[in-house]
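Enquirer: Here is a sequence together with a model predicted from it:
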Amino acid sequence: MQSKRKIRVLIAKPGLDSHDRGAKVVARALRDAGMEVIYTGLRQTPQQIVETALQEDVDVIGLSILSGAHKTLFPRIMELLKKQDLTDVMVFAGGIVPEEDVPELKKLGIKEIFGPGTTTDAIIQYIRDNLPKRD
Amino acid sequence: MSKTEEIVNGVLAGNKRSIAKAITAIENCTDESPELIAKLFPHTGKAHVIGITGAGGSGKSTLIEKIVREYRSRGKTVGVVAVDPTSPFSGGAFLGDRIRMQELSADEGVFIRSMATRNYAGGIARATKDAAKVLDAAGKDIVIVETVGAGQSEVEIIKVAKTIIVVHAPGLGDEIQAIKAGIMEIADIFVVNKADRENANKAVIDIECNLQLGSKQVAWKPPVLKTIAITGEGVRELVDKIEEHRCFLEGNTERRIALLKNRAEAELVEAIKEKAADALIDELRRKGKLDELLQRILEKKIDPTSAAEKVLKETLKNDRT
């Protein structure tokens, strides 16, 4: 039987940040690149994000944050992912994250941070090149 | 224990990870998926499957969120399959139904899965039905399947349901034409959502008139209800009506069996069609005959229907030798 596998991506906006244009632009670009994008809207808690990733069996999570709360929210999200045995999901982030915070976030397990000016093509290529092998 | 058995056991125990993996296997048509379905199938039939369809903008997702809450307050567990179209150009999809239902993510008694149609002709109906079966086997009391009511495949998807609800909203532009003929005939309950809008009563009357026109003697007369999904107004009555329909089906054994038999036949026919088509096309490709046939079609030497006849005759003839 021909495999009909698609890349499933969750684009999530954690916390109280309501700047969603970037997230929507990325979501649309990924859709146009042939991926299935689950977009869950604003004001997501870490719990909601991880629960969604679990139920939707996503391959990739893209976190969009511009409020500066990444140092509080991202560790919580990564912790919950570990708890739910979802460490094989690729997590990347985008928005406004200061350069000096990036190493710390990568240590948590966030694979890449895409700052302002990143092209959607770059994100698409990154996902394709680094797609995790999941069963 | 094989991985498939692990997933099956997990689904039967209601484990969310297993449910998610099972649905993924089905969507991707993996080699394990037929065995998965075969092992889960005997455990299905307990859930009440509700199909909810309607044009975009009718407020379906918001309404479903309220319906789920109402069922939860009645102590029922719920599974939701939300289907959205795959872009025929990119093969990708934007699955946004969860936006309206995200607060339910915290509820252990609710499982929501977004599925894209993936443009495999007819196949989406099978994938959706199988996803509904997984949730059924996982012990959900209620399974809701949501689709956009546009096109023939939506009619097929919705046939997985025992109670079919069509949601309409006033001012969507093409009024009753928005409810496609195919859906109109199989709907069990009509809902006019956004009932606080100006033309709500007119919409109700329009639907009722349409129903009169088509009516023969029917045991269940589809009611037309009004709701305001945002506030939840009318939702309790809607769920009461769904339960009334469920009782009606259960109380009428003959009708229920006829319905189940019809649905089983439709599903069997679809499955055979899908497998036969796949097998025959694969065979053509393997023998290198597909391009040749396509060329002849392009040169107008043979039309597609006759070509299909030819392929079938030759295959059957080869089987007999």
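Expert: Now that the structure is in, tell me what you want to look at.
Enquirer: C-alpha only now, for contacts and for neighbours.
Expert: Fine.
Enquirer: where exactly do the helices run in the chain?
Expert: Using chain A. For chain A, the helices defined by DSSP state H cover A:21-32, A:46-56, A:70-83, A:102-108, A:120-130.
Enquirer: Wait, chain B was what I had in mind.
Expert: B:3-12, B:16-27, B:33-40, B:60-73, B:123-137, B:152-158, B:181-186, B:200-214, B:235-251, B:253-286, B:290-298, B:304-320.
Enquirer: Can you redo the helices of chain A as CSV, where the extra columns are mean pLDDT, distance to chain B and mean neighbour count?
Expert: What follows is those, written out as CSV (pLDDT from 0 to 100; distance: least, CA to the nearest CA, whole Å; neighbours: other CA atoms under 10 Å in any protein chain shown):
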stretch, mean pLDDT, distance to chain B, mean neighbour count
helix A:21-32, 95, 4, 19
helix A:46-56, 96, 5, 23
helix A:70-83, 95, 12, 17
helix A:102-108, 94, 23, 14
helix A:120-130, 96, 13, 14
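Enquirer: quick one, what contacts the closest residue to chain B within chain A?
Expert: Closest to chain B within chain A is A:Gly34: 3.6 Å, counting by CA to the nearest CA. Listed by CA atoms under 8 Å, 6 or more residues apart in numbering or on different chains, the contact partners of A:Gly34 are A:6-7, B:90-93.
Enquirer: and if you look at A:Gln44?
Expert: A:12-16.
Enquirer: Flag every residue of the stretch 1-150 of chain B that's near chain A.
Expert: Listed as neighbours of chain A in the stretch 1-150 of chain B under the rule CA under 8 Å from any CA of the partner chain: B:16-17, B:19-21, B:24, B:27-31, B:90-96, B:98-99, B:102-103, B:105-106, B:111-114, B:116.
Enquirer: Report the separation between B:Arg118 and B:Arg74.
Expert: Note on B:Arg118: its distance to B:Arg74, by CA to CA, to the nearest Å, is 35 Å.
Enquirer: between those two, which one's more packed in?
Expert: Set B:Arg118 next to B:Arg74 and count neighbours by other CA atoms under 10 Å in any protein chain shown: B:Arg118 wins out with 23 against 9.
Enquirer: what stretches of the stretch 151-300 of chain B score poorly on pLDDT?
Expert: B:151-153, B:173-182, B:213-217 (pLDDT under 70).
Enquirer: Residue of it closest to chain A, please.
Expert: At 8.5 Å from chain A, B:Asp278 is the closest residue in the stretch 151-300 of chain B, using CA to the nearest CA.
Enquirer: Please work out how many residues are found near that residue.
Expert: A total of 14 residues lie near B:Asp278 under the criterion other CA under 10 Å.
Enquirer: now B:Ala127
Expert: 24.
Enquirer: got it, and B:Val145?
Expert: B:Val145: 27 neighbours (other CA under 10 Å).
Enquirer: residues touching it, list them.
Expert: With CA under 8 Å, 6+ apart, B:Val145 has these contacts: B:49-52, B:80-83, B:128, B:132, B:158, B:161.
Enquirer: Next, format the residues you listed as TSV and append distance to B:Ala203 and neighbour count.
Expert: Formatted as TSV, these follow (distance: CA to CA, whole Å; neighbours: other CA atoms under 10 Å in any protein chain shown):
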residue	distance to B:Ala203	neighbour count
B:Val49	27	29
B:Ile50	23	23
B:Gly51	21	24
B:Ile52	18	27
B:Val80	28	27
B:Val81	28	22
B:Ala82	26	22
B:Val83	26	23
B:Thr128	30	26
B:Ala132	31	28
B:Ile158	23	27
B:Ala161	25	20
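Enquirer: Just the ones in strands from those, please.
Expert: B:49-52, B:80-83 (DSSP state E).
Enquirer: Go through these and name the one nearest B:Val235.
Expert: Of all these, B:Val235 sits closest to B:Ile52, with 13.7 Å by CA to CA.
Enquirer: Show me what the closest one is bridged to.
Expert: B:Glu146, B:Ile165 (DSSP bridges).
Enquirer: Look up how far B:Leu268 lies from it.
Expert: From B:Ile52 across to B:Leu268, the span is 23 Å (CA to CA).
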